[in-house]
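Asks: Prediction below, plus the sequence it came from.
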Amino acid sequence: MKGGLRREMSTIRTHYLDASAIVKLCVKEDGSETLHAYCGNHSNFRTTALSFGEALGMLKVKHFRYKTIDEEGYLWRWRY
């Protein structure tokens, strides 16, 4: 190596989130804490438009049909 410098190389991995994972990040469910911990240890996440739309639909059902998310909580989840 030039000048005696040695660089550590690591692989950057992309993690794809499906609809259920997106919902677990928004709503406290079984497995939410595990997923939050996993996301805290990794930094490159993606999703597809289809998964995002499916997650939105799941959150709407949780709010409008099952009433497990109140109005304020439902709207807060989509601020960003």
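Replies: Cool, got the structure.

Asks: what sits up against the helix ranked longest in the chain?
Replies: Criterion DSSP state H: the longest helix present in the chain is helix 49-60. Identification of contacts with helix 49-60 by C-beta atoms under 8 Å, 6 or more residues apart in numbering yields 16-20, 22-23, 26-27, 47, 69, 74, 77-78. No exception for glycine: its C-beta is placed from N, CA and C like everyone else's.

Asks: Are any of these buried, and if so which?
Replies: Neighbour counting with 16 or more other C-beta atoms under 10 Å marks 17, 19, 22, 23, 26, 27, 47, 69, 74, 77 as buried within the contacts of helix 49-60.

Asks: residues in contact with the first one?
Replies: For residue 17, the residues meeting the contact criterion (C-beta under 8 Å, 6+ apart) are 25, 45, 46, 47, 51.

Asks: now it: how far from residue 73?
Replies: Here residue 17 is placed at a distance of 20 Å from residue 73 (C-beta to C-beta, to the nearest Å).

Asks: Let me know whether residue 62 touches residue 27 as I believe.
Replies: Yes - the pair residue 62 / residue 27 is scored as a contact, 6.6 Å apart, by C-beta atoms under 8 Å.

Asks: neighbours around residue 33, how many?
Replies: 11 (other C-beta atoms under 10 Å).

Asks: and if you look at residue 24?
Replies: For residue 24, using other C-beta under 10 Å, the count is 21.

Asks: Select the helix or strand of this structure having the lowest average pLDDT value.
Replies: Ranked by mean pLDDT, DSSP states H and E, the weakest helix or strand in the chain is helix 71-76, scoring a mean of 82.

Asks: quick check, distance from stretch 11-30 to the centre of its chain.
Replies: Its chain's average C-alpha position is 3 Å from that of stretch 11-30, according to C-alpha atoms, centre = their mean, to the nearest Å.

Asks: And it, end to end?
Replies: 30 Å (C-alpha to C-alpha, to the nearest Å).
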